[in-house]
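**Q** predicted model, plus sequence, below.
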Amino acid sequence: MPALETNAARILPAVERAIAELRRGAAVIIQRGGGHAALIQASETASPQALGNLRLIGNAEPCLLLTARRAAAIGIKEATPLIDTTEVIAFALDDMSPDAVSYLADPVHDPLGINLRHDNFLTTDVPEVLARNAVALTKLSSLLPAALFVNLPDDSCDQIAKEHNLLIVSAEDIASYRSTAAYSLKKVASARIPLEVAEKTTVVAFRPREGGVEHLALVIGDPEAGKPVLVRLHSECFTGDLLGSLRCDCGDQLRGAIKLMDETGGGILLYLSQEGRGIGLMNKLRAYELQDRGADTSDANELVGFDPDERIYTPAAEMLRQLGFGEVRLLTNNPEKVTALIESGIEVIETVPHHFPSNGHNDFYLKTKARRFGHTL
Ligand SMILES: Nc1nc2c(ncn2[C@@H]2O[C@H](COP(=O)(O)OP(=O)(O)OP(=O)(O)O)[C@@H](O)[C@H]2O)c(=O)[nH]1
Ligand SMILES: [Zn+2]
């Protein structure tokens, strides 16, 4: 078996299992090659029992890992020069409680409920690779990007795991999960689905060989493989695509792209499973709550603890390659999509604008995309 496939066969199931553990509220052990291990738990599932468990197993007070974005958003980063890493900070309290965790990590709560002191901030004792990948795992789990963390003696990890029925996951595997999943995508099904706006449509479904996040390609009309093709990279938007939400322009862009492809000889629309610019539906709804309190779409993501845009386009490039299209005319206003596709080896021979008029509710959102994300107007 080639090295890439051997790695995928190890990495994808291992990380998928760790995601399932975090999502069901269990702790997992995260280990780094060459030493260092820790017990982690998603902040969102912190309960008195979970905290008690971390204390018992780690024999220390757990600290809370927050993204630097979240820390800055609640004023912690400004409060001290002692930031542990550039991406993630470790925050210690004498007595971590579920309330404290949610004040600090959950944007719906008011962080000022906690008495922040200078010595609340750790600068040592939290290995950066473990911290970064612990938070990365919460993001892959579509939970709030924050984790409880307690160091473990590396030489007794296997014994602790066995004794407490805990899963061990490698930090390096978490770090390479998304790119490994992208390169392991395989076609699993292809069906003709006549659409109202494009009767000749085939939906091709892709899934990583070892399981994981699935993406779809809509092949509209008869695009000729090997020739430049009109392509739209559409990120999933449950609210806009399915419910017809007027907060965004996704529904218009989805149906508009399919219609245009049908009218102009064909194209490929990739429907990418990265809801809410990659933060997941639950977190997007949290971000909407913050937008209702005045934040714009970019700041709201940061208040929740994410980057303004967490998407990647390596799965898109891989699907295009497998469908036989290396040269595209890209239907987008987003310069980041153009750069990302080119970096993934796809030639973008033209950028075709994809604007729709404001619907009376999304005016500020459209202006924010231009102002904060550099979208063309
Ligand atoms: N986090 C977050 N995501 C949003 C919000 N509004 C829409 N989205 C998501 O943004 C994504 C829409 O992006 P696209 O239309 O593919 O891309 P784009 O960045 O607008 O670029 P274009 O190609 O020019 O349309 C979907 O995943 C939506 O769920 C929001 O307010 N917050
Ligand atoms: Zn949308």
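**A** Done, it's in. Ligands and ions are numbered 1, 2, ... in the order given.

**Q** check contacts around the residue positioned nearest the centre of the chain.
**A** Nearest to the geometric centre of the chain sits residue 278, at 4.1 Å (C-alpha atoms, centre = their mean). Applying C-beta atoms under 8 Å, 6 or more residues apart in numbering, we find residue 278 in contact with 235, 306, 309-312. Heads up, the C-betas are built off the backbone N, CA and C, glycines and all.

**Q** how close does the closest residue in space to residue 105 that isn't next to it in sequence sit to residue 69?
**A** Nearest residue to residue 105, sequence neighbours excluded (C-beta to C-beta, 6 or more residues apart in numbering): residue 146, at 3.6 Å. Going from residue 146 to residue 69 by C-beta to C-beta, to the nearest Å gives 11 Å.

**Q** more neighbours: the two, which one.
**A** Between residue 146 and residue 69, counted using other C-beta atoms under 10 Å, the more crowded position is residue 146 (29 against 20).

**Q** show me this structure divided up by domain.
**A** According to automatic domain parsing, the chain comprises the domains 3-178, 185-274+311-373.

**Q** burial count for residue 371?
**A** For residue 371, using other C-beta under 10 Å, the count is 13.

**Q** any idea which helix or strand carries it?
**A** Here residue 371, judged by DSSP states H and E, is contained in helix 363-373.

**Q** burial check on the nearest residue to residue 282 once chain neighbours are set aside, number of neighbours?
**A** In space, and not counting its chain neighbours, residue 282 is closest to residue 142: 6.4 Å by C-beta to C-beta, 6+ apart. Per other C-beta under 10 Å, the neighbour tally for residue 142 reads 19.

**Q** same check, this time on residue 168
**A** 16.

**Q** report the beta-bridge partners for the nearest residue to it once chain neighbours are set aside.
**A** Take residue 168 and drop its neighbours on the chain: the residue closest to it by C-beta to C-beta, 6+ apart is residue 29, 4.5 Å away. Per DSSP bridges, residues listed as beta-bridge partners of residue 29: residue 39, residue 168.

**Q** can you tell me how far residue 29 is from residue 128?
**A** 18 Å.

**Q** and those two? which has more neighbours close in?
**A** Between residue 29 and residue 128, counting by other C-beta under 10 Å, residue 29 is the more crowded of the two (22 against 16).

**Q** please report how far residue 103 lies from residue 313.
**A** 36 Å.
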